[in-house]
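> quick one: sequence plus predicted model below, questions after.
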Amino acid sequence: MPLTVAVLCSQTQDFLRRYFFSVNRPKVSFAIDGIRYVGQNVAILALINWFPANGASALWLVSAVAAVGSLAALPCIPQLKYSFSAFLSVSLHGWHFSKWLFASTLVVAAFNNLFYFASGILLGVGAVGAMKAAFTMVSIANVVIEACVNVIPASASRKFMSNGRRGLIAYLLKVTIYGTVAIVSLLGVVVIAPKFWLHFFFGPQFSSYWTLVQWYAAYEILLFLAMVVGTWYRTLERTRLIFYAVSFSVIVSITVAYPLIVNFGVAGAVVGLALGQLAQTLFMLVYAAWR
């Protein structure tokens with residue numbers, strides 16, 4: 001029950017923050033995010049220090065602060081009117097648009113876990129720990145990616161509606177340049193001295209896995225580029241191609257997983273992740289250029 005409520009409250013708050021980004025009211029999104037995440041951190045620290053802490057109580061706290069964030073957004077929501085015909089029309093259009101994205105999400109979940117499972121089976125749990133540690137070092141790049149996920153889709157739609165495909169292409173090229181520069185700048189410090197940072201945060205036993213940090217950095221850049229190219233297909237409502245690209249990347253990953261892990265160990269697993277993401281990005285780019 002606490003997990004179910006936590007998911008419901010968290011998804012509701014996330015829906016509202018994306019809604020306000022979509023209608024070009026980012027300040028409201030920032031406010032309800034601040035309420036949720038600042039409140040969540042304070043509440044969990046209080047739980048740990050002053051109350052009996054367990055998984056259920058932590059989930060109830062997550063639920064509560066997410067619910068407060070959602071309630072804070074209610075005064076900013078315009079008056080709603082119910083129309084069955086509009087509901088039916090939007091639902092059918094939404095299903096046409098999102099069914100391939102739903103399938104893509106399932107495939108991506110399988111793709112992301114493939115190399116972790118394979119590494120754990122073939123190399124042991126220590127390899128999975130090393131992968132998680134290296135990924136944590138580059139996860140700062142997700143700040144840029146998550147920010148772009150909030151802003152780019154709505155802005156791309158506006159550019160397309162006002163300036164057509166040329167305007168959309170110009171906007172996505174601009175986003176690609178600035179976003180890549182931002183991610184490379186953030187990752188530069190980590191990539192230059194990966195041994196030092198792994199030793200500093202995780203201990204000397206992880207220093208030997210420094211090459212994983214560099215491969216994960218490449219993976220993060222490819223992840224960002226795939227998000228930008230995917231925005232092209234989402235804006236044109238051609239989401240089936242995203243599903244095809246994701247499926248192609250999984251096929252590539254499955255093909256290379258075993259030989260890479262057997263021959264190169266845990267480094268091969270991360271290389272396989274990067275190759276799968278590269279295959280997805282190139283598939284979408286080539287098809288967009290071809291059509």
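Right, received. Where do you want to start? Residues are numbered from 1 along each chain as shown.
> give the buried residues for stretch 139-156.
With burial defined by 16 or more other Cβ atoms under 10 Å, the residues of stretch 139-156 counted as buried are Ala141, Asn142, Val144, Ile145, Cys148, Asn150, Val151, Ile152, Pro153, Ala154, Ser155, Ala156. (Each C-beta comes from the backbone N, C-alpha and C, glycine too.)
> go on, stretch 74-94?
Buried-residue list, stretch 74-94, by 16+ other Cβ under 10 Å: Cys76.
> so how far is the helix or strand that Val246 is a member of off the chain centroid?
When elements are assigned from DSSP states H and E, Val246 belongs to helix 240-264. On the basis of Cα atoms, centre = their mean, to the nearest Å, helix 240-264 is displaced by 19 Å from the centre of the chain it belongs to.
> and the two most separated of the buried residues of stretch 139-156?
Ala141 and Ala154 (21.8 Å; Cβ to Cβ).
> what's the average pLDDT for the helix or strand containing Met161?
If you go by DSSP H and E, Met161 is part of helix 142-192. Mean pLDDT, helix 142-192: 90.
> roughly how far does Asn49 sit from Pro204?
31 Å (Cβ to Cβ, to the nearest Å).
> sorry, wrong one. I was asking about Leu275.
For Leu275, the distance to Pro204 - Cβ to Cβ - is 30 Å.
> so the two - more neighbours on which side?
Just comparing Leu275 and Pro204: by other Cβ atoms under 10 Å the higher neighbour count belongs to Leu275, 21 against 9.
> wait, that one touches Thr255, no?
No. Assessed by Cβ atoms under 8 Å, Leu275 is found out of contact with Thr255, at 9.4 Å.
> how many neighbouring residues does Phe243 have?
Neighbours of Phe243 using other Cβ under 10 Å come to 19.
> could you list the residues in contact with the helix holding Val246?
Identification of contacts with helix 240-264 by Cβ atoms under 8 Å, 6 or more residues apart in numbering yields 100-101, 103-104, 107-108, 110-111, 114-115, 118-119, 122-123, 226, 230, 233-234, 268-269, 271-273, 275-277, 279-281, 283-284, 287.
> quick one: the one helix or strand Phe102 maps to to helix 240-264, angle?
Using DSSP H and E, the element containing Phe102 is helix 84-123. Counting by axes from the mean of the first three to the mean of the last three Cα atoms, to 10 degrees, helix 84-123 lies at 10 degrees to helix 240-264.
> for whichever helix or strand comes after helix 84-123, name the packing helices and strands.
Later in the chain than helix 84-123, the nearest helix or strand by DSSP H and E is helix 125-138. Where contact means 3 or more Cβ pairs under 8 Å, 6 or more residues apart in numbering; DSSP states H and E, helix 125-138 is packed against helix 84-123, helix 142-192, helix 194-202, helix 210-235, helix 266-290.
> change it to 6 Å
helix 84-123, helix 210-235 (3 or more Cβ pairs under 6 Å, 6 or more residues apart in numbering; DSSP states H and E).
> only C-alpha atoms, please: export it in CSV.
Provided in CSV are the C-alpha atoms of helix 125-138 (Å, rounded to 0.1, in the frame of the first residue of the first chain):
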residue,chain,number,x,y,z
VAL,A,125,28.1,-8.9,-8.3
GLY,A,126,31.3,-6.9,-7.9
ALA,A,127,31.1,-6.1,-11.6
VAL,A,128,27.6,-4.7,-11.2
GLY,A,129,28.8,-2.6,-8.3
ALA,A,130,31.6,-1.2,-10.4
MET,A,131,29.2,-0.3,-13.2
LYS,A,132,26.9,1.4,-10.8
ALA,A,133,29.8,3.4,-9.2
ALA,A,134,31.1,4.5,-12.6
PHE,A,135,27.6,5.5,-13.7
THR,A,136,27.1,7.5,-10.6
MET,A,137,30.2,9.6,-11.4
VAL,A,138,28.7,10.7,-14.8
